[in-house]
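Asker: I'd like to go over a predicted model; first the sequence, then the structure.
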Amino acid sequence: MPYGLSYAGAGSDYDGADAFILGIPYDRTSSFKAGAREAPAHIRRASYGFEEIHFEHGLGLPGISVFDQGDCEAPFLPEDMMGEVKFFMAPAVRDGKFTVAIGGEHSVNIPIIQCFKKSDVALITIDAHLDSRDEYLGTRYSHACVTRRAAEHLGIDNVFSLGVRSISREELERDDVIPHVTSFEIRETGMERAVRSALDHVRSERVYLSLDIDGIDPAYAPGTGTPEPFGLDPLDVKKAINIIGDRLIGFDVTEVCPPADPSGITSVLAARLINEALAVRSKSLG
Ligand code: MN
Ligand code: MN
């Protein structure tokens, strides 16, 4: 990594790495509270706070060889940010790396998904919001448009959202509503059932999981730009990563906002869930 601290245990070079980490410190479309640009540094720092084994997985951390690219540039315009992300992410996707992106706001997921071939992967999001607007505040590449852009690239039968509990009228009053399970349903019938329905629904075998940290209840993840009550339990998110299991081929965590997280607990949770995704990938490599 060229500058600063790399992710804990990311000691591999690019060629030898099974997993590729990219920080994307971008928050220019944030609608409520900016600050997600600071998250990659905070989450990397938090990654040093854990024991060196996952005793429950029977693995040393990080479990697989990891290369940390560091952060890409974060230019002002979303189109420019997307070009930066693709510059680093497209080769990693092409080379079959397990990609882990650390946002930044959720809009950073849009160029990542476009690095995959059309319909080549399914996107499952964990998010309080459906993020399915055609356009928001003058751009089609806002963090409020993530699943809509993904549906255009992957097919609407290849996108699914979990933990949603805040949806606008314009997102619901249309024929092509993004398939989703609410946090209320997950509370009643369990995460396992929700993830199984997502996995049954999507057409592609390979799954990219995008975690907008506001999908988790603000009691556990207060440090985010648009907190929304009645969210998911972090252990249910851990469970979701494990149920996706062998089908998981990429992961991102977005919308952590360190200025809204004075205790740092939201960054700690984000790092722990990155570690979980790396462990699950490690086990699927065998
Ligand atoms: Mn959200
Ligand atoms: Mn989102």
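Answerer: Right, received. Where do you want to start? Ligands and ions are numbered 1, 2, ... in the order given.
Asker: got the residues of the chain near ligand 2?
Answerer: Residues of the chain lying close to ligand 2 by CB under 5 Å from the ion are His106, Asp127, Asp131, Asp212. Bear in mind the C-beta positions are built from the backbone N, C-alpha and C, glycine included.
Asker: neighbour count added to those, as a markdown table?
Answerer: Formatted as a markdown table, the residues of the chain next to ligand 2 follow (neighbours: other CB atoms under 10 Å):
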| residue | neighbour count |
| --- | --- |
| His106 | 32 |
| Asp127 | 31 |
| Asp131 | 29 |
| Asp212 | 29 |
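Asker: quick check, Ser107 in a helix?
Answerer: Yes - under DSSP: H, G, I helix; E, B strand; the rest coil, Ser107 sits within a helix.
Asker: name the residues of the longest helix that the chain contains that are buried.
Answerer: Determined from DSSP state H, the single longest helix within the chain is helix 265-285. Using 16 or more other CB atoms under 10 Å as the burial criterion, the residues of helix 265-285 that qualify are 266-283.
Asker: please apply the same query to stretch 147-157.
Answerer: Neighbour counts over stretch 147-157 (16+ other CB under 10 Å) mark Thr147, Arg148, Arg149, Ala150, Ala151, Glu152, His153, Leu154, Ile156 as buried.
Asker: and those residues, which is closest to Ser119?
Answerer: Nearest to Ser119 among the buried residues of stretch 147-157, counting by CB to CB, is Leu154 at 5.6 Å.
Asker: how about the contacts made by the nearest residue to Lys118 once chain neighbours are set aside?
Answerer: Leaving out its chain neighbours, the residue that sits closest to Lys118 by CB to CB, 6 or more residues apart in numbering is His153, at 5.9 Å. Contact analysis of His153 by CB atoms under 8 Å, 6 or more residues apart in numbering lists Ile113, Gln114, Phe116, Lys118, Ser119.
Asker: let's go with 6 Å and repeat that
Answerer: His153 is in contact with Ile113, Gln114, Lys118, counting by CB atoms under 6 Å, 6 or more residues apart in numbering.
Asker: I figured Val253 hits Ser210, correct?
Answerer: No - between Val253 and Ser210 there is no contact under CB atoms under 6 Å: 8.3 Å.
Asker: which residue, other than its chain neighbours, is closest to the residue of the stretch 151-286 of the chain found nearest ligand 2?
Answerer: The stretch 151-286 of the chain approaches ligand 2 most closely through Asp212 (3.5 Å), counting by CB to the ion. Residue nearest to Asp212 in three dimensions, not counting chain neighbours: Asp127, with 3.9 Å by CB to CB, 6+ apart.
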